[in-house]
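# structural data only, the sequence is not supplied:
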């Protein structure tokens, strides 16, 4: 027999929300959408760039420090490859993606840059904005200057 938990005073059942709170949440979501729209557009346009010099991986994972599933991308986020014409554009797109989804260092696992033709590995954009010549940072990794 499952014990019954008494209802707590002032608590509403899940799924039932007072109209004033629903309105405030809708307004907050609208403000967030307006703020993020330019970033989404920038990433969307880059993903359609089929003549670019490079392809860039934009992706994320859950952070186990916050009890998120490290084997999956965060809910309500998109991941994929997009085109970029320069390493500076790759860096800008990574920062836009990180800002768009409010990622922390433990969530960022994108940034791989490949040549569009041939697929040769070029570098990886780290969370801190530095670009390295290796897939995973090691003490022997060389930083690539992006100007």
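Here it is on my side, so go on. Worth saying up front: this structure is predicted, and the values here are computed from it rather than measured.
# just checking, next helix/strand downstream of the helix or strand of the chain with the lowest mean pLDDT?
Least confident helix or strand of the chain, by mean pLDDT, DSSP states H and E, is helix 19-47 with a mean of 68. Going down the chain from helix 19-47, the next helix or strand is strand 54-58, by DSSP states H and E.
# so what strands line up beside that following strand?
strand 80-84 (antiparallel), strand 112-115 (antiparallel) (DSSP bridges).
# contacts for it, please.
Here strand 54-58 makes contact (CB atoms under 8 Å, 6 or more residues apart in numbering) with 43, 46, 79-87, 90, 93-94, 97, 110-116, 122, 125. Placement of C-beta: from N, CA and C, glycine included.
# now, of those residues, which are buried?
When the contacts of strand 54-58 are checked for burial by 16 or more other CB atoms under 10 Å, the buried set is 43, 46, 81-84, 87, 90, 93-94, 97, 110-114, 116, 122, 125.
# tell me who's in contact with residue 70.
Neighbouring residues of residue 70 by CB under 8 Å, 6+ apart: 61-64.
# any chance of those residues in JSON lines, with distance to residue 145, pLDDT and secondary structure too?
JSON lines is the format used below for these (distance: CB to CB, whole Å; pLDDT from 0 to 100; DSSP: H, G, I helix; E, B strand; the rest coil):
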{"residue": "61", "distance to residue 145": "28", "pLDDT": "95", "secondary structure": "coil"}
{"residue": "62", "distance to residue 145": "33", "pLDDT": "93", "secondary structure": "coil"}
{"residue": "63", "distance to residue 145": "30", "pLDDT": "91", "secondary structure": "coil"}
{"residue": "64", "distance to residue 145": "33", "pLDDT": "88", "secondary structure": "helix"}
